[in-house]
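Undergrad: Sequence first, predicted model second:
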Amino acid sequence: MGDVRVQRARIEEIRPLADEYRAESSGASSDGLPWDAPIPQGGIFWIARDSDTREPLGYAAGTLRPSGCTVGPVFTRPEARRRGVGDALVSAIQEWAEGTRVPVVEISVAADNPEGKAFLESLGYEPRRILMSLKPGER
């Protein structure tokens, strides 16, 4: 694998990766739903590619809010994990935020995704809020 190159992306470029994310996270989550919306409404996207082959390795999606940018999901294909793809995606988002003066970057991670939490903590992110919801069909 060559170096990882991250750039802003169009929805068409990340759609196949979003489908992979949806399939993987639906099977891994405790309620059978994806951890985050694979393609958030009004989202902005980044794609990571192998610099030699241009093969898509992962993507991140974000939503701009008045307080900043909420990112989620950050997805890396299983065969590309532990090779710096997620780190490259998050770094690119942070650079973009600084360059565009977005005040805060928050990254969403599911409560039942310990690998995702550990990854973000390794980059210096820490929990600031907990989002609570009912399981589908429960009221």
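TA: Nice, thanks for sending it over. Residues are numbered from 1 along each chain as shown.
Undergrad: Now do the same for Ile130: helix, strand or coil?
TA: With DSSP: H, G, I helix; E, B strand; the rest coil as the basis, Ile130 sits in coil.
Undergrad: Contacts only, for it.
TA: Ala111 (CB atoms under 8 Å, 6 or more residues apart in numbering). To be clear about C-beta, it is placed using only N, CA and C from the backbone, and glycine gets the same treatment.
Undergrad: all strands of the chain, in order?
TA: Assigned by DSSP state E, the strands in the chain fall at 4-9, 44-50, 56-65, 68-76, 105-107.
Undergrad: angle of the third one against strand 44-50?
TA: By that I understand strand 56-65. With axes from the mean of the first three to the mean of the last three CA atoms, to 10 degrees applied, the angle from strand 56-65 to strand 44-50 works out at 160 degrees.
Undergrad: buried stuff in strand 56-65?
TA: Pro56, Leu57, Gly58, Tyr59, Ala60, Ala61, Gly62, Thr63 (16 or more other CB atoms under 10 Å).
Undergrad: The first one is in contact with Phe45, isn't it?
TA: No - under the criterion of CB atoms under 8 Å, Pro56 is not in contact with Phe45, lying 11.6 Å apart.
Undergrad: shared neighbours, these two?
TA: In contact with both Pro56 and Phe45: Glu13, Ile14, using CB under 8 Å, 6+ apart.
Undergrad: Return the alpha-carbon coordinates of stretch 88-103 using CSV.
TA: Below are the C-alpha coordinates for stretch 88-103, written out as CSV (Å, rounded to 0.1, in the frame of the first residue of the first chain):
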residue,chain,number,x,y,z
ALA,A,88,-5.2,10.7,8.0
LEU,A,89,-8.9,11.4,7.7
VAL,A,90,-9.2,13.0,11.1
SER,A,91,-6.1,15.1,10.5
ALA,A,92,-7.4,16.3,7.2
ILE,A,93,-10.7,17.3,8.9
GLN,A,94,-8.9,19.2,11.6
GLU,A,95,-6.7,21.0,9.1
TRP,A,96,-9.9,21.9,7.0
ALA,A,97,-11.6,23.2,10.2
GLU,A,98,-8.6,25.4,11.1
GLY,A,99,-8.3,26.7,7.6
THR,A,100,-12.0,27.6,7.4
ARG,A,101,-12.3,28.8,11.0
VAL,A,102,-14.8,26.2,12.1
PRO,A,103,-14.6,26.6,15.9
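Undergrad: All good on my end, thank you.
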